[in-house]
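> predicted model and sequence below, questions to follow.
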Amino acid sequence: MTDLQRVAVIGGGVMGNGIAQLSAMKGHDVRLVDVSQERLDSALASIGTSLDRFVKSGKLDAGDRADVLDRLRTTTSVADAVSDVDLVVEAVLERLDVKQAVLAEVVAHAPVAAVLGTNTSQLSITAIASALGDEAHRVVGMHFFNPAVLMRLVELVVGLETSPETLARAEAYAASLGKETVVCRKDSPGFLTSRFSAILRMEALHMLEEGLATPEDIDKAVKLAFNHPMGPLELGDFNGLDTYLDALTGLHAAHGERFRPPVELKNMVAAGRLGRKSGRGFYDHSGS
Ligand SMILES: CCCCCCCCCCCCCC(=O)CC(=O)SCCNC(=O)CCNC(=O)[C@H](O)C(C)(C)COP(=O)(O)OP(=O)(O)OC[C@H]1O[C@@H](n2cnc3c(N)ncnc32)[C@H](O)[C@@H]1OP(=O)(O)O
Ligand SMILES: NC(=O)C1=CN([C@@H]2O[C@H](COP(=O)(O)OP(=O)(O)OC[C@H]3O[C@@H](n4cnc5c(N)ncnc54)[C@H](O)[C@@H]3O)[C@@H](O)[C@H]2O)C=CC1
């Protein structure tokens with residue numbers, strides 16, 4: 001049973017809109033924040049498409065669709081969104097300084113009992129929380145997986161100052177969303193899952209750079225040999241190559257050479273080929 005009923009999600013991109021949608025589907029009152037109305041409209045459009053898929057497949061009653069949207073309010077004001085919440089899930093871009101600044105603004109306006117979750121892929125929770133002084137005990141890593149509405153796991157990450165109460169409340173919230181959890185009990189960049197996944201995906205890109213096979217065959221090899229639902233390059237387009245580059249940059253700084261970002265990835269991001277979100281990545285998504 002969770003006491004975290006009112007939830008603010010900061011950042012309505014690939015992850016934030018999914019976390020907000022799922023929370024509303026599970027009965028939470030949700031406030032979704034982004035930097036502009038245009039971004040919020042785009043988040044609402046993604047949520048609408050996903051809800052339609054649930055309705056079409058019979059997993060959501062058409063009447064309940066409207067109730068989900070009623071529980072979800074959008075705003076560009078962090079102060080307004082967090083003033084009465086029990087939980088904040090920060091899902092802005094993967095940059096330490098940006099996450100610290102957002103959480104500092106949150107702390108200035110949120111109730112003192114509110115839990116502060118950060119949906120980082122690899123950043124140190126301790127480093128993020130260090131910007132919050134005595135409030136660092138309220139910060140916990142809540143690493144969701146894309147698409148958040150469907151994936152089964154939330155990886156919880158304990159920073160040096162995270163209190164047992166904060167972890168317990170985050171576990172209860174994840175359970176209220178129907179998620180399984182694993183706890184990474186020692187804060188280390190990349191936690192458990194991103195260190196695993198980065199190695200496999202980096203190899204895919206190195207094979208592409210070496211001209212070993214087409215993107216299609218690299219993806220097919222992984223899907224059919226290991227029964228993965230998506231190949232690593234396809235998944236890169238799905239998750240966002242800019243987010244991958246930011247995550248790898250952090251993993252490289254923390255763990256060294258084995259995570260050095262491939263030149264091809266840097267070039268693709270520089271060229272604006274970010275995957276589905278920009279219409280082109282390893283594959284062409286302009287028609288979808
Ligand atoms: C590339 C080189 C770069 C190297 C750098 C590496 C850096 C790595 C570190 C950074 C990591 C960053 C990422 C991170 O932190 C964590 C992650 O998120 S990792 C990604 C985790 N996610 C996955 O692995 C997803 C894998 N894919 C899947 O599980 C499936 O493909 C998926 C469930 C997405 C879709 O299922 P699939 O069967 O393939 O397709 P369908 O379209 O048929 O859908 C099946 C079923 O599900 C419904 N559905 C799908 N999506 C949605 C949705 N968004 N909303 C609602 N419903 C949805 C669909 O309608 C179908 O329903 P039916 O009833 O079965 O018809
Ligand atoms: N894409 C993925 O597969 C996954 C990403 N993550 C992590 O989730 C976080 C978000 O990633 P994505 O959703 O992919 O990024 P994204 O780029 O799709 O979305 C980020 C959103 O945050 C908004 N934003 C930026 N600064 C803001 C601010 N100050 N206040 C409010 N909103 C702000 C942006 O406008 C954008 O809409 C990152 O830390 C990432 O590493 C975690 C799991 C999976």
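Structure received. Numbers count the residues shown, from 1 in each chain. Ligands and ions are numbered 1, 2, ... in the order given.

> what residues are up against residue 221?
213, 231 (C-beta atoms under 8 Å, 6 or more residues apart in numbering). Backbone N, C-alpha and C define where each C-beta goes, glycine included.

> what residues does the stretch 1-150 of the chain put near ligand 1?
By C-beta under 6 Å from any ligand atom, the part of the stretch 1-150 of the chain that sits against ligand 1 consists of 50, 53, 54, 57, 121, 145, 146, 147, 149, 150.

> out of the residues you listed, which is most surrounded?
Comparing those by number of neighbours (other C-beta atoms under 10 Å), residue 121 comes first, having 26 neighbours.

> contact residues of the stretch 51-200 of the chain facing ligand 2?
So the stretch 51-200 of the chain meets ligand 2 at 91-94, 98, 102, 119-121, 143-146 (C-beta under 6 Å from any ligand atom).

> still on that earlier bit, in JSON lines: the residues of the stretch 1-150 of the chain next to ligand 1, plus pLDDT and secondary structure.
Formatted as JSON lines, those follow (pLDDT from 0 to 100; DSSP: H, G, I helix; E, B strand; the rest coil):
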{"residue": "50", "pLDDT": "98", "secondary structure": "helix"}
{"residue": "53", "pLDDT": "98", "secondary structure": "helix"}
{"residue": "54", "pLDDT": "98", "secondary structure": "helix"}
{"residue": "57", "pLDDT": "97", "secondary structure": "coil"}
{"residue": "121", "pLDDT": "98", "secondary structure": "coil"}
{"residue": "145", "pLDDT": "98", "secondary structure": "coil"}
{"residue": "146", "pLDDT": "98", "secondary structure": "coil"}
{"residue": "147", "pLDDT": "98", "secondary structure": "coil"}
{"residue": "149", "pLDDT": "98", "secondary structure": "coil"}
{"residue": "150", "pLDDT": "98", "secondary structure": "coil"}
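
> and the furthest pair within these?
57 and 121 (28.6 Å; C-beta to C-beta).

> tell me, how many residues neighbour whichever residue of the chain sits closest to ligand 2?
Here the chain gets closest to ligand 2 at one residue, residue 13, 1.8 Å apart by C-beta to the nearest ligand atom. By other C-beta under 10 Å, the residues close to residue 13 number 18.

> surely it meets residue 43?
Yes. Here residue 13 reaches residue 43: they are 7.4 Å apart, a contact under C-beta atoms under 8 Å.
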